[in-house]
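[1] Please find the sequence and the predicted model below.
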Amino acid sequence: MKIVVDAFGGDYSPDEVIKGCIRALSEAKDFSIVFVGSKEKIEALLLRFDYDYARVDILDAPEIISNEEVPTQAIRSKPNSSIVAALNYLEDNDEAAAFVSAGSTGAVLTGAVLLLKRIRGIKRPGLAPLLPTIAGGQVLLIDCGANTDPKPEVLRSFALMGNVFMQEVFGISSPKIALLSNGTESAKGNELNKQAFPLLADMGLDFIGNLEARDILSGNADVVVADGFSGNIALKSAEGTVEAIFESIKQAILKGGLRAKLGYILLRNALKEVKKRLDYNEKGGAILLGLDKVVIKAHGSSKAKSIKAAVLQAVDLAQKGITDKIRIGINEYEKV
């Protein structure tokens, strides 16, 4: 199994990307890495590491797509970019099971939709990060940026894919599915939500109704369905809130004198455990569900720790055959 990695995607590429991939290789077997990017620069950086040469390949792609470029134009005008070359390699090679990138979200999503095959029955793939819940579990938020203005039927397919994902990856027999809205009442929400609500309610899944953004991490739902615009705002708000809380605690300890510092010493292990559970660097990235192969979009600010997690996440999902299971789940559902 080969994991194709955009070596020049992200704020700290290629150094942190390569470092994270080498760490992933040391922690798990039965897969290899295909680095995509400037071969000369990748080879120079690899000289710093001790690794199994048989498990690393390089695909030369000297061009880079930046965050400032228009995704559609960049995908078409830069065939030798690390993102385009990696996606083409993924599509053309059976042994290539997944793609990981911390690069331009727009370019990764646009490129994946244009260059990769979709699962039959899925009109629009959904970007789905796993978020930690207060209860200690995971909640899948789908979509968080791939489809800013989808039709109600697209949200229905998100619910179905999320249901299969949580069943197969986490063993939840009947995942609780909610629709992100501005209130819990069935009549709440914009026109899209009002049209999508009855579709989700009639699917025969464990649909628990509307869910407010403040309750995403509550653990009340296993899957939260949203349009990409609302989902992205909710995701970024959650990330920002977590960072703000820990920064506020840090500042309070620094300014609180001896008592605050003694209190921190007593609570240090508990605070570290909470921070670890809420740290997106521990989770890897968001999976683009609905494609024939696994695509993981890592955070743009990912360092080696997060890249390693994203690669191992890609390996795990590919080994579980998540795309095939979603395909089977959709086929079986449509037959009922």
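    Sure thing, it's come through.
[2] which helices and strands does whichever strand or helix holds Glu16 pack with?
    Assigned by DSSP states H and E, Glu16 falls within helix 15-27. Contacting helix 15-27 under the criterion 3 or more CB pairs under 8 Å, 6 or more residues apart in numbering; DSSP states H and E are the following elements: strand 2-6, strand 32-37, helix 39-46, helix 304-319. For glycine as for every other residue, the C-beta is placed from the backbone atoms N, C-alpha and C.
[3] in this protein, what spans have low per-residue confidence?
    Across the chain, the ranges flagged by pLDDT under 70 are 275-283, 335-336.
[4] in it, which spans are strands?
    Here the chain has its strands, by DSSP state E, at 2-6, 32-37, 56-60, 96-101, 126-128, 130-132, 138-142, 176-181, 206-212, 223-225, 285-289, 294-298.
[5] Please name whichever of these is nearest to Thr241.
    strand 130-132 (11.9 Å; CB to CB).
[6] Which strands and helices lie in contact with that closest one?
    strand 138-142.
[7] about what we covered before: so for the helix holding Glu16, what gets flagged as buried?
    Buried residues in helix 15-27, counting neighbours by 16 or more other CB atoms under 10 Å, are found at Glu16, Val17, Ile18, Lys19, Gly20, Cys21, Ile22, Arg23, Ala24, Leu25.
[8] Run through the residues that contact Val139.
    Leu130, Leu131, Thr133, Ile216, Leu217, Gly219, Ala221, Asp222, Val223, Val224 (CB atoms under 8 Å, 6 or more residues apart in numbering).
[9] Distance of it relative to Ile326?
    Shown here: Val139 relative to Ile326, a distance of 18 Å by CB to CB, to the nearest Å.
[10] How about Val36?
    Plainly put, Val36 is 25 Å away from Ile326 if you go by CB to CB.
[11] which of those two has more neighbours?
    Looking at Val36 and Ile326 with other CB atoms under 10 Å, you find the greater number of neighbours at Val36, namely 30 against 24.
[12] what about Ser218, how many neighbours?
    So Ser218, with other CB under 10 Å, has 13 neighbours.
[13] Cool, thanks, talk later.
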